[in-house]
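1. Could you work out the structure for the sequence below:
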Amino acid sequence: MDGQHRLGGIELYTKTTNSMLNVPFLAFHWLDEDEEIKFFDIINTKAKGIGTSLSRFLKRESDNLSWIATQLIIDPNSPLYNKGTLIGKRTKEKHITLQNVYNFLLLLIKNTKIAELPKEKILNLTLTYFNCIKELLPVEWSDYNQYKLTHIVCLNAFTIAGNKIIPSNYNFVSNQLNIKEINKRMSSIKIFDWSSEGTLKYLKGASGSKLLAEDIIASVEK
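-> Numbering: from 1, shown residues only. Predicted coordinates for the structure are as follows:
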């Protein structure tokens, strides 16, 4: 019914590599012509692609950032544990998707030498950074409704700020992060009003994240 081009690709692959390949497929038996036409139309007009979060999860063994993002959600020691969903379906409790975390990582390592580090090291740096935020503001971190701290717009702001903060406190010779200095400097985030009805109430989108990130960086650098 469909997939002839895939069969051609499979045949070319097996002949070129001289290997066997297991191919999952779905077969419909004893369809008449009208049923074939109907199924073909449904498959080619109404089929839904997989979500971006699920796609990242499936690529976790071949893509470093997808692997790191997955670990940040499934690791019990991660501050995003119990707040994140792997398949992209948000709930009241799990409002951070795997794609959101992937985007955090892109912002965190963009144009830095951090991006050249092994994935395990990037994971540990990210865990340390976000755990620092959680430990400084445990109440705000745990209450999504009353506080904006773990809303995507604010988390994006922290990752943009982290892009400056982490490299400036990382020794690339010894491969060590100055955790004491990070904790000391990040304590300045306590001065912000993180309540949902406070000054950040109407903060939204990428522009809002950039503005907040600038304020966070300024407070940390004082």
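2. CA atoms for contacts and neighbours, from now on please.
-> Will do.
3. give me every residue that touches the spatially most central residue of the chain.
-> The residue lying closest to the centre of the chain (C-alpha atoms, centre = their mean) is residue 101, at 1.9 Å. Going by C-alpha atoms under 8 Å, 6 or more residues apart in numbering, residue 101 touches 69, 72.
4. try the one 4 residues further on
-> By C-alpha under 8 Å, 6+ apart, the contact list for residue 105 reads 65, 69, 159.
5. Using CSV, lay out these together with neighbour count.
-> Converted to CSV, the contacts of residue 105 look like this (neighbours: other C-alpha atoms under 10 Å):
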residue, neighbour count
65, 23
69, 28
159, 25
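6. what's the closest of these to residue 48?
-> residue 69 (24.1 Å; C-alpha to C-alpha).
7. how about low-confidence regions in this structure?
-> Filtered on pLDDT under 70, the chain yields the residue ranges 1-5.
8. and residue 76, how many neighbours does it have?
-> Residue 76 has 11 neighbouring residues, counting by other C-alpha atoms under 10 Å.
9. Now it: phi and psi?
-> phi -60, psi -20 (degrees, to the nearest 10).
10. for the host helix or strand of residue 157, the distance to its chain's centre please.
-> Using DSSP states H and E, residue 157 sits within helix 152-168. For helix 152-168, the separation from the chain centroid amounts to 14 Å (computed by C-alpha atoms, centre = their mean, to the nearest Å).
11. And for stretch 88-95?
-> Remark: stretch 88-95 is offset 14 Å from the chain centroid, using C-alpha atoms, centre = their mean.
12. can you give me the end-to-end distance of that stretch?
-> Distance across stretch 88-95, first residue to last, is 9 Å (C-alpha to C-alpha, to the nearest Å).
13. do the same with stretch 178-197
-> End-to-end span of stretch 178-197 (C-alpha to C-alpha): 35 Å.
14. ok, residue 65 - contacts?
-> 102, 105-106, 119.
15. in what helix or strand does the residue nearest to the centre of the chain lie?
-> Using DSSP H and E, residue 101 sits within helix 98-109.
16. heading toward the C-terminus, what's the first helix or strand past that helix?
-> Next along from helix 98-109, by DSSP H and E: helix 119-136.
17. Show me what that following helix is packed against.
-> helix 64-74, helix 152-168, helix 179-186 (3 or more C-alpha pairs under 8 Å, 6 or more residues apart in numbering; DSSP states H and E).
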